[in-house]
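Novice: for reference, the sequence and a predicted model appear below.
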Amino acid sequence: MKAFKYILAFLSISFAQQSVPYEISNQFGYQLKNNLIEWNSDQKFDNILVDRSSKNFNNKFYSFNFDEFPTDSTFTKSKFTYEFGDYGFDVLNIGLKKNKETNSVQFLAGKKSFFGNYSEFSKEDGSPLSLFYKIDYATKIKSHSIYSSAGYFREKSNFQFNNPFGLDSSNNKEFSDFMSLTIGDSFKMNGYHYNIELNHISKFDSINITEYSLNNRNDLERNKLNIEIHNGNWLHLKAIVDNNHYKNEISSKGFSTNLISLSNRNNIAKGNISYGVDFLNNDIFPSLLINNSIGIFNISLKSFNKPNRVLNDFFSYEVLGEFSGNDLENWNDVSIAFTIDKKVSISSRFNYIQANNIAISQKPIEMSVLEDNEYLSVDDDMASLETNIAFPIKFGQFKITHNYNFFDSPISSNRSHILNFEYFYDLSFLSNNLGIKGKLGLKYFSENNSNYYFDYFRNIPVKGKSYTLDDFYNLHISTDISISDVVLTIRLKNGLYKFFEEDDYSPVTHELFNPMSSLLSFGIMWEFDD
């Protein structure tokens, strides 16, 4: 253990920068995929729909994966996990599932408190809280498999900035709480398979940030009907009716959208093709997906649509009649990949992506009230290449991943190179009663010197201010130690960086937020059968 500390200290001295760029901690709630920023997309928590307006959702809530159950008997499993660490990291999850031949019921609940990611700006005496309860029930009635889920999610954060303007931050807050319901029926009739599913979301969201001149309260009611019919041959039809109603409680203004999507999928010689149309505001937008494999090569063409991001400020829904949040974005993706899967596995994927009619901010947030013309609907594109090399070594596998970004773009990370080295290990002792598996990784991000960044509170890209972030290295460790039915976990993120201020979770004020430094956490997971 002492040797490990000395090595870590040496690496910290060798590679430490003045700041940790935001991408490494998923600070703004979006993910990077082959250098593409993924945001403004619907998420799912198990089979519950989470609206795209939920920011940083995956960093706040955790679900359980229960193992397969015997199908010919009644069986019950329960799980308990608890994790704690730096930055007030405190996570508790419990789960219970009872399975019978004809039905099953599952209950999950969780609580998370954490000053990390963007929450290092929270007040120390009012830590951010994420809380959820979820129950699932499924039953079989004759040829019907009926399933349902209901979840309640609550998020609360208070922000205390060390601003240089003497502003009163005591009223800063971000609050969201919502309920989500899913009901579905899967059955077979006359040789056709049917699945009918209804999703409902009721959400309330409130933001008050003095430093950003944001004061917003939104109500969202959403109902989404999914119908799928297929016969295992030429027909695989999907129909979606998606109704969204937004209302700003401050301005008493709002709007509704009714999006209808129709698509069908067919198999072709070496792949499949999906084609369809989306209807919005009496306009028709085509969608297309072609996926084809020829030997070691795979080629895919994808064109899809999604609603614009709803802006969270005074001017939502009425920006000079140009951007109302009631439009569709169109994304076109061309992908060419090859895979050689031998003892040494090599794969590479080139992506060219064009995004049309996306909402961005023309210039960064200032202390004055925002003007309407700061918002733009723009077209943008990006090109990236991801290469993976994996080969077995003693007790596991070594993997190298390289992402190359060809040019700057609002929808990309704007890092020319992202290089990740990972060693996956898996060992067992004492007749498989003691196991150790996990991952040790070192990640490198090249410098970022661009005119774009991403705004967390409004959840949109921003264009118009140049800034520079140095290249940096990051060490991350993940280890699971299994002892019978108990799993002990050790996690280290951002291992080469550490703040030393005591009792201060907002050491520096930064327009992109001060990124989380190193996070060390420990945990326990216990699973009980019957």
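Specialist: Perfect, thanks for sending it.
Novice: contacts and neighbour counts: CA atoms only from here.
Specialist: OK.
Novice: and the strands in the stretch 401-530 of the chain, which stretches?
Specialist: 417-429, 434-445, 448-455, 460-469, 472-483, 486-493, 519-529 (DSSP state E, counting those that start in this stretch).
Novice: the second one pairs with which strands, and in what direction?
Specialist: It refers to strand 434-445. Applying DSSP bridges, strand 434-445 is found paired with strand 417-429 (antiparallel), strand 472-483 (antiparallel).
Novice: how about the ones you listed, which one is nearest Ser145?
Specialist: With C-alpha to C-alpha, the closest approach to Ser145 among the strands paired with strand 434-445 belongs to strand 472-483: 35.6 Å.
Novice: what does that closest one rub up against?
Specialist: 15-17, 20, 24, 433-447, 487-496 (C-alpha atoms under 8 Å, 6 or more residues apart in numbering).
Novice: measure the residue lying closest to Ser412 once chain neighbours are set aside to Ala355 for me?
Specialist: Leaving aside its sequence neighbours, Ser412 sits nearest to Leu36 (C-alpha to C-alpha, 6 or more residues apart in numbering; 4.6 Å). Using C-alpha to C-alpha, to the nearest Å, we find Leu36 at a distance of 11 Å from Ala355.
Novice: coming back round to it: any chance of the strands paired with strand 434-445 in TSV, plus mean pLDDT, mean neighbour count and distance to Phe107?
Specialist: Shown next, in TSV, are the strands paired with strand 434-445 (pLDDT from 0 to 100; neighbours: other C-alpha atoms under 10 Å; distance: least, C-alpha to C-alpha, whole Å):
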stretch	mean pLDDT	mean neighbour count	distance to Phe107
strand 417-429	92	17	31
strand 472-483	88	19	24
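Novice: adding distance to Pro461, write the ones you listed out as TSV.
Specialist: Output for those, formatted as TSV (distance: least, C-alpha to C-alpha, whole Å):
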stretch	distance to Pro461
strand 417-429	20
strand 472-483	23
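Novice: separation between the residue in the chain sticking out farthest from the centre and Tyr212?
Specialist: Taking C-alpha atoms, centre = their mean, the residue of the chain most remote from its mean C-alpha position is Asn190, at 39.6 Å. Note on Asn190: its distance to Tyr212, by C-alpha to C-alpha, is 59 Å.
Novice: try Arg154
Specialist: 23 Å.
Novice: again, but for Leu49
Specialist: With C-alpha to C-alpha as the criterion, Leu49 and Tyr212 are 30 Å apart.
Novice: now Lys399
Specialist: From Lys399 over to Tyr212 (counting by C-alpha to C-alpha), the distance is 42 Å.
Novice: next one: stretch 161-177 to chain centre, how far?
Specialist: 25 Å (C-alpha atoms, centre = their mean, to the nearest Å).
Novice: for the chain, which residues score under the pLDDT cut-off?
Specialist: For the chain, the stretches flagged by pLDDT under 70 are 1-30, 67-73, 116-126, 162-164, 310-326, 363-375, 464-468, 497-517, 530.
Novice: right, and Met525 touches Gly95 too?
Specialist: No - contact status for Met525 versus Gly95: not in contact, 11.0 Å apart, counting by C-alpha atoms under 8 Å.
Novice: could you report the neighbour count for the residue lying closest to Gly95 once chain neighbours are set aside?
Specialist: Distances taken as C-alpha to C-alpha, 6+ apart put Leu108 closest to Gly95, at 4.4 Å, once the chain neighbours are dropped. Using other C-alpha atoms under 10 Å, Leu108 is surrounded by 20 other residues.
Novice: which residues does Leu108 bridge with?
Specialist: Gly95, Lys134.
Novice: tell me the helices and strands packed up against the host helix or strand of Asn298.
Specialist: Taking DSSP states H and E as the criterion, Asn298 maps to strand 297-307. Helices and strands touching strand 297-307, by 3 or more C-alpha pairs under 8 Å, 6 or more residues apart in numbering; DSSP states H and E, are strand 283-294, strand 328-341.
Novice: most neighbours per residue, which of these?
Specialist: Ranked by mean neighbour count, these are led by strand 328-341 with a mean of 18 (mean count of other C-alpha atoms under 10 Å).
Novice: now the angle from that one to strand 297-307?
Specialist: 160 degrees (axes from the mean of the first three to the mean of the last three C-alpha atoms, to 10 degrees).
Novice: next SSE downstream of strand 328-341?
Specialist: strand 345-361.
Novice: ok, Ala390 - contacts?
Specialist: Val344, Ser345, Ile346, Gln397, Phe398, Lys399, Ile400.
Novice: I'd like those residues as a markdown table, with distance to Ser176 appended.
Specialist: Formatted as a markdown table, the contacts of Ala390 follow (distance: C-alpha to C-alpha, whole Å):
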| residue | distance to Ser176 |
| --- | --- |
| Val344 | 47 |
| Ser345 | 44 |
| Ile346 | 44 |
| Gln397 | 42 |
| Phe398 | 41 |
| Lys399 | 39 |
| Ile400 | 39 |
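Novice: how deep is Asn282 tucked in, by neighbour count?
Specialist: Counted with other C-alpha under 10 Å, Asn282 comes out at 6.
Novice: touching stretch 81-93 from outside, list them.
Specialist: So stretch 81-93 is contacted by 62, 80, 94, 108-116, 120, 505, 519-526 (C-alpha under 8 Å, 6+ apart).
Novice: let's see 7 Å
Specialist: 80, 94, 109-116, 519-526 (C-alpha atoms under 7 Å, 6 or more residues apart in numbering).
Novice: quick one on the thing from earlier: just send the helices and strands packed on strand 297-307 back as JSON lines, with distance to Ser412 too.
Specialist: Formatted as JSON lines, the helices and strands packed on strand 297-307 follow (distance: least, C-alpha to C-alpha, whole Å):
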{"stretch": "strand 283-294", "distance to Ser412": "22"}
{"stretch": "strand 328-341", "distance to Ser412": "14"}
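Novice: burial check on Lys342, number of neighbours?
Specialist: Lys342 has 9 nearby residues by other C-alpha under 10 Å.
Novice: can you give me the end-to-end distance of stretch 438-457?
Specialist: Stretch 438-457: ends 34 Å apart by C-alpha to C-alpha.
Novice: which residues in the stretch 1-150 of the chain form helices?
Specialist: 2-15 (DSSP state H, counting those that start in this stretch).
Novice: residues in contact with the closest residue to Phe454 other than its chain neighbours?
Specialist: Using C-alpha to C-alpha, 6+ apart and skipping residues adjacent in sequence, the residue nearest Phe454 is Pro461, 4.4 Å away. Pro461 sits next to Ile360, Ser361, Pro410, Tyr453, Phe454, Asp455 when contact means C-alpha under 7 Å, 6+ apart.
Novice: nearest to Lys173 among those residues?
Specialist: Asp455 (16.4 Å).
Novice: so Lys44 bridges to which residues?
Specialist: Leu49.
Novice: surely it meets Val50?
Specialist: Yes - counting by C-alpha atoms under 7 Å, Lys44 does reach Val50; the two are 5.2 Å apart.
Novice: compare the two and say which is more crowded by neighbours.
Specialist: Val50 (22 against 12).
Novice: what separates that one from Gln106, distance-wise?
Specialist: 19 Å.
Novice: repeat that for Ile284.
Specialist: Counting by C-alpha to C-alpha, the gap from Ile284 to Gln106 is 41 Å.
Novice: same deal with Asn34?
Specialist: Counting by C-alpha to C-alpha - Asn34 and Gln106 are separated by 36 Å.
Novice: cool, Phe61 as well?
Specialist: 17 Å.
Novice: for Arg349, same thing?
Specialist: On the measure of C-alpha to C-alpha, Arg349 and Gln106 end up 39 Å apart.
Novice: Asn281 is in contact with Ile260, correct?
Specialist: No - look at Ile260 against Asn281 with C-alpha under 7 Å: they stay out of range, at 10.1 Å.
Novice: tell me which of the two has more neighbours.
Specialist: With other C-alpha under 10 Å as the criterion, Ile260 and Asn281 differ in neighbour count, and Ile260 comes out ahead with 17 against 11.
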